[in-house]
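*Asks:* predicted model follows, preceded by the sequence.
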Amino acid sequence: MNANFVAGSLLPFGFHRLDDQSVVAVSAAGDHTFLTQQELLALIQTPETLELKKRAELQSKYFLTGNSSIGTLELLRSRIAARKETVLAGQSLHIIVPTLQCEHSCQYCQVSRRLEDVGHSMSPSQIDASCATIFQSQANALTIEFQGGDPLLRFDLIQRAIDLIQKMNLEHKRRIRFVVASTLHQLTSGMCEYFRSNQVYLSTSLDGPALLHNKNRPIPSRDSHARTLAGIELARSIMGPQAVAALMTTTKASLAYPEAIVDEYVKNGFTEIFMRPLSLYGFARRNIKHLGYTLPEFTNFYQKALQRVLEWNARGTELREGTAALIFNKLLSPFDAGYVDLQSPTGSGLAVLVYNYDGYVYPSDEARMLAETGDGSLRLGSIGDSLAQLMASPVMRQLIETSISTQAVGCETCAFNSFCGPDPVGAQAEFGDMRTVALLTEHCKRHKWLFEYFFRKLRTADDDFLDIAYRWAHPAGYSNA
């Protein structure tokens, strides 16, 4: 940035038109303001003619320089650096996939699950090597998440990893958080006792009421929903009321039940729901005719579900919606919560690593799902390679090069580029080339809609909505599990 500014000089910003008469403008610091058409023209051409109160707001949000232009620029650089801190501070999320075994036949499953163990589980030596690489990260806080398949089918490998990490951390002294993502059907009281003693959290899938959940996540006994709820209750009874988080995935069948899905979470004592769209990675793409839907269909569903969440909050029942929390964090907080999919450069590889049962290391969960369908192009290396080797791989270099929002075609002029970034892993899955122009991707289209939608809501928000928005925006307000 050029330091030769005088007070009132214009700093870089972008804007997005909300209607014929108004825009939302976003500064390089990620602060926003709503402007009329006349105010926008004045800001660009004659900022000194703006009302004093508006000029003061624009200076405080880094649209205009203040009395000390050099000081303003230094503060702006600090604000930009703070937003990048979570993705540049080292790999904080480490996903271990001990096994591909699972008894479910979920319609939207992104991997080809296996019932047999041979050839589809990690060896003890691979577990040990993965743990060694984890501590090569510079991140002070580490989340170790176990995924599958259903990792509880190889509880012995989970236990080996946790015990080793706890032992190694006596020397490294990091802040450690463990998460096990499971159907909870295999959960036992003994496992719960072990998890409680090691401060392990559980994450499960709850797609809605029994009819919908059992349709989306079938098992031969046809009681998937009941068994999941039983696992949740067992975990809470031993590990505590906040021991389990739940996620849902929106399929075509889900679109008819936005309110019922939200009500199911309230009924079962959850204080958060994450209305996730379908991720068409791996084997899930094969079922797109049965599961897929258009972006307008999803946004219609999402708006109805969010309205239900807000209704519950208005009645005094605390319930946070995860997607809204992520977007509010981007729009309203100077401290980024580090959501991997909305980072530039990409969080894939820089913020997260996946140690897979197949012996390879991947930059994200989605990248390892691609490998299940034969596209192993995003492998960073093998388990046992040093972190330096993984980061020096040609794949990692290309992931970084294709995810810089200030350089990518279309992104560099987008008003939302402070909040977002190209998703090269998603581009690889959707188009077979991570260099695909970001504007063409589903990731870009969905998040542009989300940013615009929530800016519109903030522009007309009452005090109750603003109170919720700022509470949800706090980085500690939701889980990355």
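*Replies:* Alright, I've got the coordinates.
*Asks:* what about the nearest residue to Asn198 once chain neighbours are set aside, which helix or strand?
*Replies:* Closest residue to Asn198 apart from its sequence neighbours, by C-beta to C-beta, 6 or more residues apart in numbering: Ile162 at 5.4 Å. Yep, even glycine has a C-beta here, placed from its N, CA and C like the rest. Assessed by DSSP states H and E, Ile162 sits inside helix 155-172.
*Asks:* flag every buried residue along that helix.
*Replies:* Within helix 155-172, the residues that count as buried by 16 or more other C-beta atoms under 10 Å are Phe155, Leu157, Ile158, Arg160, Ala161, Ile162, Leu164, Ile165, Asn169.
*Asks:* how about stretch 358-375?
*Replies:* Under 16+ other C-beta under 10 Å, the buried positions of stretch 358-375 are 358, 360-373, 375.
*Asks:* tell me which stretches of the stretch 351-481 of the chain form strands.
*Replies:* 352-355, 360-362, 381-382 (DSSP state E, counting those that start in this stretch).
*Asks:* so which of those comes closest to Lys304?
*Replies:* strand 352-355 (31.6 Å; C-beta to C-beta).
*Asks:* which strands or helices does that closest one pack on?
*Replies:* Packed against strand 352-355, as judged by 3 or more C-beta pairs under 8 Å, 6 or more residues apart in numbering; DSSP states H and E, are the following elements: strand 93-96, helix 124-134, strand 360-362, helix 365-372.
*Asks:* residues in contact with it: which ones?
*Replies:* 91-97, 122, 126, 130, 133-134, 340, 361-365, 367-368, 380, 383, 390 (C-beta atoms under 8 Å, 6 or more residues apart in numbering).
*Asks:* again, but for stretch 322-330
*Replies:* 30, 272-276, 302, 306, 309, 336-337, 339, 342, 419-420, 450-451, 454, 469-470, 472-475, 477-478.
*Asks:* would you put the C-alpha positions of stretch 462-475 in PDB?
*Replies:* Taking C-alpha atoms only, stretch 462-475 is exported to PDB below (Å, rounded to 0.1, in the frame of the first residue of the first chain):
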ATOM      1  CA  ASP A 462     -34.100  -4.800  14.600                       C
ATOM      2  CA  ASP A 463     -32.300  -4.800  18.000                       C
ATOM      3  CA  ASP A 464     -33.300  -8.400  18.700                       C
ATOM      4  CA  PHE A 465     -31.800  -9.700  15.400                       C
ATOM      5  CA  LEU A 466     -28.600  -7.600  15.900                       C
ATOM      6  CA  ASP A 467     -28.200  -9.000  19.400                       C
ATOM      7  CA  ILE A 468     -28.400 -12.600  18.000                       C
ATOM      8  CA  ALA A 469     -26.100 -11.700  15.100                       C
ATOM      9  CA  TYR A 470     -23.300 -10.300  17.300                       C
ATOM     10  CA  ARG A 471     -23.600 -13.200  19.800                       C
ATOM     11  CA  TRP A 472     -23.300 -15.700  17.000                       C
ATOM     12  CA  ALA A 473     -20.400 -13.900  15.400                       C
ATOM     13  CA  HIS A 474     -18.100 -14.600  18.300                       C
ATOM     14  CA  PRO A 475     -15.400 -17.100  17.300                       C
END
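*Asks:* endpoints of stretch 123-142, how far apart?
*Replies:* 23 Å (C-alpha to C-alpha, to the nearest Å).
*Asks:* next one: stretch 337-348
*Replies:* Stretch 337-348 stretches 15 Å from its first residue to its last (C-alpha to C-alpha).
*Asks:* which residues does that stretch contact?
*Replies:* Against stretch 337-348 from outside (C-beta under 8 Å, 6+ apart): 86-87, 92-93, 326, 329-330, 350-352, 363-364, 366-367, 399-400, 402-406, 417, 419-426, 443, 447, 475, 478, 480.
*Asks:* you'd agree Leu458 is up against Leu331?
*Replies:* Yes: contact criterion C-beta atoms under 8 Å: Leu458 and Leu331 qualify, at 7.1 Å.
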